[in-house]
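> Sequence and predicted structure, then a few things I'm wondering about:
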Amino acid sequence: MRARAYNQTAMQPKAITVSELYARFAAGEDLTKLGEIIVEGWVRTNRDSGSIGFISLNDGSAFKAIQIVYNDKLTNHEVISHLLTGAAILAKGEIVLTPGMKQPFELHPTVIEVLGDVDPDYPLQKKRHSLEYLREIAYLRPRTNTFEALYRVRSVLARGIHEFFQDRGFVYVHTPEITANDAEGAGQVFTVMTPDEKGKLSDTDFFGRRASLTVSGQLHVEAFALAFRDVYTFGPTFRAEKSNTPRHASEFWMIEPEICFADLEDDMELMEETIKFCIRYVLEKCPDEMEFFNGPFMTPGLKDKLNNVLATPFRKMEYTEGIEILQKAVKDGHKFENNNIYWGMDLQSEHERYLTEEVVKGPMFLINYPKEIKAFYMRENDDGKTVAACDCLVPGEGEIIGGSQREERYDRLKAKMDAVGNTKGLEWYLNLRKYGGCIHSGFGIGFDRLLMYITGITNIRDTEPYPRTSSALKY
């Protein structure tokens, strides 16, 4: 990262980031030869014993902090010794190496300047706060270790998603957030309301028809796949579900690739490759953050779980076989919250986790679901009962990806759409099957849930910077 000048005077040395200091140290540079430097950041902790004090300074550029060791010779020692957690400061001094200590180097300052003091009622203190408490002050929680690590991983993971698809020749498509279709046919959408000429709210006045926030970019991105072959969309989606669970949110981000001349087998191959790339990318790019998440106060064993996914080929299991296994488990005495297992049911998380954790003991694809419980656009299999759909299940989470081969046969798709009652307004989607259509497939990954899985965070309200859930709208 380029160093920023603190002011415009020629005599003032440039500020240097903590991340740059650690990078240069790791590269073998002798930091003591830098001479006088400036660091800027926020006080995480401040301990003063009278003649000597220790400030842990975080500047946001790295998960690691730098220790500033000051003494009573500072002209403003009385002020500095009483600095509270959260204060913004500038420190000017020289680096001193500390081999064998917890940190390899520290800063001995000649000047510490307070850039922004903090009031005594600052909600963050030098102690562990519960995640529930921090959700109530979401605008401050990025300053804590947990959320600094989490949101840095979120940023890196987003970059990795784009690198993965761009490096493989995929075209990135921006699909609309306001739409006239609900994609899945579930009807759980947020309607866009606008005032008419008299100020009365209307859901049809502005666009001339009912509009809603998108639940998926899939239908729109399919049209681009039939021009560019391999495409993806990655953006916010919305569901008006009043599901007050740790895995549901009203606004979340979705990764949705679409590939042409590809069947379900090709789709699953891409899914496995995507998941493994994302895990490997975060482990490589965020070693400090992932070590923190793997630690005793977070999710011990997290890295072992992720490395197991990397090392394990994903197994495939028919939905019908999965149902038979679950029925046998109930017969043998296993207790699910829902023990009523039957062919045609939509499996719940506990059933998915049993299959992936207890039976397969690794990642897996559950394939060929009953057509009645899947979306209209999925390709019907020759048995007339199932569709070429799959869910990717992983230990510790259950479903993490859902995908399918799309129905490319015009007559079959039209019949399904007529039965569902969504043909009107989606004629363009149906026409894709008439105008040079081909076999194509795709899938969707909930980005926030993927982040939960990789970091071990158990509530989607924490992986989202400003979560949107039913009956809760802050910030």
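Nice, thanks for sending it over.

> And the strands in the stretch 1-150 of the chain?
When assigned using DSSP state E, counting those that start in this stretch, the strands of the stretch 1-150 of the chain occupy the ranges 37-48, 52-58, 66-71, 88-97, 105-116.

> And the fourth one, what's buried?
Using 16 or more other CB atoms under 10 Å as the burial criterion, the residues of strand 88-97 that qualify are Ala88, Ile89, Leu90, Ala91, Lys92, Gly93, Ile95. Heads up, the C-betas are built off the backbone N, CA and C, glycines and all.

> now do stretch 14-21
Applying a neighbour-count criterion of 16+ other CB under 10 Å, the buried positions in stretch 14-21 are Ala15, Ile16, Thr17, Val18, Glu20, Leu21.

> Gly35 contacts Ile95, doesn't it?
No. Between Gly35 and Ile95 there is no contact under CB atoms under 8 Å: 9.1 Å.

> Spit out the contact partners of the residue sitting furthest away from the middle of the chain.
Most distant from the centre of the chain: Lys73, at 47.0 Å, with distances by CA atoms, centre = their mean. With contacts defined as CB atoms under 8 Å, 6 or more residues apart in numbering, Lys73 has no neighbours.

> could you dump the strands of the stretch 1-150 of the chain to JSON lines with distance to Leu283 and mean pLDDT?
JSON lines is the format used below for those (distance: least, CB to CB, whole Å; pLDDT from 0 to 100):
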{"stretch": "strand 37-48", "distance to Leu283": "25", "mean pLDDT": "96"}
{"stretch": "strand 52-58", "distance to Leu283": "23", "mean pLDDT": "97"}
{"stretch": "strand 66-71", "distance to Leu283": "25", "mean pLDDT": "98"}
{"stretch": "strand 88-97", "distance to Leu283": "29", "mean pLDDT": "98"}
{"stretch": "strand 105-116", "distance to Leu283": "26", "mean pLDDT": "98"}
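
> Mind putting these into JSON lines with distance to Gly398?
Converted to JSON lines, these look like this (distance: least, CB to CB, whole Å):
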{"stretch": "strand 37-48", "distance to Gly398": "36"}
{"stretch": "strand 52-58", "distance to Gly398": "35"}
{"stretch": "strand 66-71", "distance to Gly398": "41"}
{"stretch": "strand 88-97", "distance to Gly398": "43"}
{"stretch": "strand 105-116", "distance to Gly398": "45"}
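
> so which of those gets nearest Glu136?
The closest of those to Glu136 is strand 37-48. By CB to CB, the value is 20.6 Å.

> List the contacts of the closest one.
Residues lying outside strand 37-48 but in contact with it, judged by CB under 8 Å, 6+ apart, are 6, 12-18, 21, 53-60, 65-66, 68, 80-95, 107, 115, 126, 143.

> let's see 6 Å
Where contact means CB atoms under 6 Å, 6 or more residues apart in numbering, the residues beyond strand 37-48 that reach it are 6, 13, 15-16, 54-59, 65, 81, 83, 85, 87-88, 90-92, 126.

> Work out the gap between it and the centre of the chain.
In terms of CA atoms, centre = their mean, to the nearest Å, the centre of strand 37-48 is found 30 Å from the chain centre.

> Tell me, how many residues neighbour Lys285?
16 (other CB atoms under 10 Å).

> Around the nearest residue to it once chain neighbours are set aside, how many other residues sit close by?
With CB to CB, 6 or more residues apart in numbering as the criterion, Lys285 has its nearest non-adjacent residue at 4.9 Å, and that residue is Val156. Val156: 16 surrounding residues under other CB under 10 Å.

> likewise the one 4 residues further on?
For Gly160, the neighbour count with other CB under 10 Å is 21.

> List the contacts of it.
Cys278, Tyr281.

> Name the SS class of it, please.
Of the three states, Gly160 takes helix under DSSP: H, G, I helix; E, B strand; the rest coil.

> Distance-wise, check it relative to Thr233.
Gly160 sits 16 Å away from Thr233, taking CB to CB, to the nearest Å as the criterion.

> what does Phe224 give?
Taking CB to CB as the measure, Phe224 falls 8 Å from Thr233.

> And Thr85, by the same measure?
Look at Thr85 and Thr233: by CB to CB, they are 41 Å apart.

> go on, Leu74?
Applying CB to CB, one obtains 54 Å for the distance of Leu74 from Thr233.

> Of these two, which one has the most company?
For Leu74 versus Thr233, the count of surrounding residues by other CB under 10 Å is larger for Thr233: 25 against 16.

> For that one, what are phi and psi?
Backbone dihedrals for Thr233, given as degrees, to the nearest 10, come out at phi -120, psi 150.

> ok, back up a step: which of the buried residues of stretch 14-21 has the weakest pLDDT?
The lowest pLDDT within those belongs to Ala15, which sits at 89.

> Please name the nearest non-neighbouring residue to that residue.
Ranked by CB to CB, 6+ apart and with sequence neighbours excluded, the top spatial neighbour of Ala15 is Ile38, at 4.4 Å.

> any idea how far the one you found is from Thr85?
Using CB to CB, Ile38 is found at 21 Å from Thr85.

> Spit out the residues that contact Phe224 and Thr233 alike.
Val173.

> Okay, strands next: where are they in the stretch 151-300 of the chain?
For the stretch 151-300 of the chain, the strands identified by DSSP E, counting those that start in this stretch occupy 171-172, 178-179, 194-195, 201-202, 212-213, 230-238, 251-260, in order along the chain.

> mind listing what Leu473 touches?
Shown in contact with Leu473 (CB under 6 Å, 6+ apart): no residues.

> Residue numbering should commence at 752 henceforth.
With the count now opening at 752, the last piece we talked about shows up as Leu1224.

> do you know how far it is from Leu891?
Distance of Leu1224 to Leu891, computed by CB to CB: 18 Å.

> cool, Ser800 as well?
In this structure, Ser800 and Leu891 are 29 Å apart, going by CB to CB.

> ok, these two, which is more surrounded?
Taking Ser800 and Leu891 together and counting by other CB under 10 Å, Leu891 has the greater number of neighbours (15 against 9).

> Need the phi and psi values for that one.
When read as degrees, to the nearest 10, the backbone of Leu891 gives phi -110, psi -20.

> ok, it to Ala934 distance?
36 Å.

> One more: Cys1189?
Distance from Cys1189 to Ala934, counting by CB to CB: 21 Å.
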